[in-house]
Structures are given as structure tokens and as C-alpha cells.
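Colleague: model this:
(one chain, ligands or ions: 2)
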Amino acid sequence: MIRLDKVSKTYQVGDETVHALSTIDLAVAKGEFVVVVGPSGSGKSTMLHIIGGLDSPTSGRVIIDGRDLSQASDRELSRYRNGSVGFVFQTFNLHPTYNALENVALPLIFSRVSPKRRLDLARQALETVGLAQRAGHRPNQLSGGERQRVGIARALVAQPKIILADEPTGNLDSKTGGRIIELLLRLNREKGITLFLVTHDLDIAAHAPRALFMRDGVIVEERRG
Ligand SMILES: Nc1ncnc2c1ncn2[C@@H]1O[C@H](COP(=O)(O)OP(=O)(O)OP(=O)(O)O)[C@@H](O)[C@H]1O
Ligand SMILES: [Mg+2]
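Modeller: Numbering: from 1, shown residues only. Ligands and ions are numbered 1, 2, ... in the order given. Take a look at the predicted model:
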């Protein structure tokens with residue numbers, strides 16, 4: 001499903017070269033749940049962005065469903081970003097003046113789906129995360145956990161095969177965060193969505209079927225449970 005083939009990413013900042021990722025090799029099967037842990041600056045977000053087509057590697061290949069992202073046209077790449085992957089962010093990234101339903105429908109604006117169908121799909125996604133009754137609330141009228149559930153519904157609305165969640169519980173208390181993780185795990189199990197979860201929570205890593213430990217742009221350890 002996902003293959004990284006000697007993927008490196010370097011940034012040039014003035015005279016300094018930052019090796020954010022160094023020759024990463026990784027293969028992830030459909031429906032896997034992979035936890036990524038590592039200190040700040042170890043390359044976790046960079047790896048997620050590259051898998052999600054938000055960023056491109058300096059060298060190496062990213063192969064999704066047998067197709068090389070670096071060979072994809074701009075149109076194929078944006079279709080991949082908008083349709084095949086869903087992103088969940090630590091800071092939710094919701095549009096403050098839109099209500100929950102409109103936020104969830106937003107990614108479909110660039111698709112060919114009719115406006116009515118967009119709202120239907122958004123309503124379904126809100127139902128999946130248990131928030132149908134908050135459809136008309138704006139982000140500032142929702143709790144942190146509810147905001148993140150809206151964020152997850154937005155990631156789900158285009159029915160992606162992959163969800164990339166970058167510290168989705170980083171701004172939540174541990175109990176609320178635990179519920180968000182459970183929700184993501186349920187989506188992984190029930191819908192077979194391949195799930196990448198970046199977290200600082202070593203307890204989650206300890207219980208995950210597969211955990212990658214990153215340091216200085218390298219996967220230094222991998223554990224399967
Ligand atoms: N646009 C950029 N320009 C220059 N350097 C960058 C850029 N983005 C990331 N980096 C550097 O690349 C390295 C990896 O960054 P990355 O954001 O992937 O880390 P991370 O593991 O997600 O950290 P955190 O846990 O703090 O989110 C860091 O050293 C960072 O400073
Ligand atoms: Mg990060």
C-alpha cells in the first residue's frame with residue numbers, strides 16, 4: 001500500500017543543511033496501524049507530509065498503491081491528496097467562521113461532488129464520529145475533543161484509504177485524547193483505513209501492533225506487537 005524507497009529530505013537553511021529524513025525504507029500494508037514516536041525534530045511530521053503528498057522527498061521514491069508519487073502529474077497528486085489520504089492535525093485546523101458541517105464538507109469543494117451530496121457526505125462523516133447533533137456549531141462553540149472529532153470527520157469525508165494523524169491528541173487532556181485514539185482505532189478496524197499515528201505517548205506505542213521509533217531522521221527501531 002505504502003512504500004518508501006530510500007527516501008531522504010534535506011533542507012538548506014543558510015549554510016546549514018538539515019537532514020530531516022535520511023534514506024528511509026518502509027513498507028506498510030493496507031489496513032495497518034502504525035505508530036510513530038521520537039523526539040522533537042526527529043522527522044516524524046516530515047515523513048507524514050511526504051507520505052501524504054504535501055511535500056516531496058529530496059531523493060528516493062514514494063510508492064502508493066504501486067504508483068510512484070514523484071511521477072504523478074499535478075492533477076493526479078492533488079487527487080491523491082484530496083481523495084486518498086486524510087490528515088488530522090494537532091491544532092485541528094478548522095475554519096473559524098464555518099460550522100462543523102461546513103468544515104467537514106470543505107475538502108469536497110475541489111471534487112466533482114454536487115453541493116447537496118457534499119453536505120450529505122459531511123453529515124454522514126459527522127455521524128461516524130458521533131457529532132451529528134453539533135453540525136451547526138462553529139469551532140469556538142465546541143469542546144477540544146469535539147473539535148478534533150470534526151477534524152477526523154473532515155479527514156474521513158472523501159473516504160480515504162489512509163489517515164495520517166500528527167499528534168492528534170497533543171492539545172487534549174489525557175481522557176479526551178484516549179477517546180480520540182479509540183475513535184481512530186475503530187476507523188482503522190471497521191473501515192480498514194491504514195492509519196499512521198504520530199504521538200509522544202509511549203503507552204500507545206507499547207500497545208500498537210507496529211511502532212516506529214525515529215531519531216535524527218532515521219528509523220532507529222521497529223517493534224511489532
Ligand atoms: N521547512 C523547513 N525548513 C528547514 N528545516 C525544516 C523545515 N521543516 C522541518 N525542518 C527540520 O527538519 C527536522 C525534522 O522536522 P519535523 O517537523 O519532521 O520533526 P518532528 O519529529 O515532527 O518534530 P516535533 O515532534 O517537534 O513535531 C527538524 O530538525 C526541523 O527543524
Ligand atoms: Mg512534528
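Colleague: could you pull out the helices for this structure?
Modeller: Along the chain, the stretches classed as helices by DSSP state H are 44-51, 74-79, 100-105, 115-128, 144-156, 174-191, 202-207.
Colleague: Write out the residues of the protein neighbouring ligand 1.
Modeller: Applying C-beta under 6 Å from any ligand atom, we find that the chain lies next to ligand 1 at 11, 13, 18, 20, 38, 40-46. All C-beta spots, glycine's among them, are computed from the backbone N, C-alpha and C.
Colleague: Just the buried residues from those, in PyMOL please.
Modeller: The buried residues among these can be selected in PyMOL (16 or more other C-beta atoms under 10 Å) with this line:
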select buried, resi 20+38+42+43+44+45+46
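Colleague: Please flag which of the residues of the chain next to ligand 1 sit within strands.
Modeller: Counting by DSSP state E, these place 11, 13, 18, 20 in strands.
Colleague: Check those residues and tell me the two furthest apart.
Modeller: With distances taken as C-beta to C-beta, the most widely separated pair in those is Val13 and Ala20, at 10.9 Å.
Colleague: returning to what we had before: can I get the residues of the chain next to ligand 1 in JSON lines including pLDDT and distance to Ile181?
Modeller: Below are those laid out as JSON lines (pLDDT from 0 to 100; distance: C-beta to C-beta, whole Å):
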{"residue": "Tyr11", "pLDDT": "96", "distance to Ile181": "31"}
{"residue": "Val13", "pLDDT": "93", "distance to Ile181": "34"}
{"residue": "Val18", "pLDDT": "95", "distance to Ile181": "30"}
{"residue": "Ala20", "pLDDT": "98", "distance to Ile181": "26"}
{"residue": "Gly38", "pLDDT": "96", "distance to Ile181": "18"}
{"residue": "Ser40", "pLDDT": "95", "distance to Ile181": "20"}
{"residue": "Gly41", "pLDDT": "96", "distance to Ile181": "24"}
{"residue": "Ser42", "pLDDT": "97", "distance to Ile181": "21"}
{"residue": "Gly43", "pLDDT": "97", "distance to Ile181": "22"}
{"residue": "Lys44", "pLDDT": "97", "distance to Ile181": "16"}
{"residue": "Ser45", "pLDDT": "97", "distance to Ile181": "18"}
{"residue": "Thr46", "pLDDT": "97", "distance to Ile181": "22"}
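Colleague: The helices of the chain into CSV, with extra columns for distance to Arg3?
Modeller: What follows is the helices of the chain, written out as CSV (distance: least, C-beta to C-beta, whole Å):
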stretch, distance to Arg3
helix 44-51, 10
helix 74-79, 17
helix 100-105, 31
helix 115-128, 28
helix 144-156, 22
helix 174-191, 19
helix 202-207, 22
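Colleague: quick one, which of these is nearest to Lys6?
Modeller: Closest approach to Lys6 among the helices of the chain is made by helix 44-51 (12.4 Å; C-beta to C-beta).
Colleague: State the pLDDT value of the most centrally placed residue in the chain.
Modeller: Computing the C-alpha centroid of the chain and ranking residues by C-alpha atoms, centre = their mean puts Leu164 first, at 1.7 Å. pLDDT for Leu164: 98.
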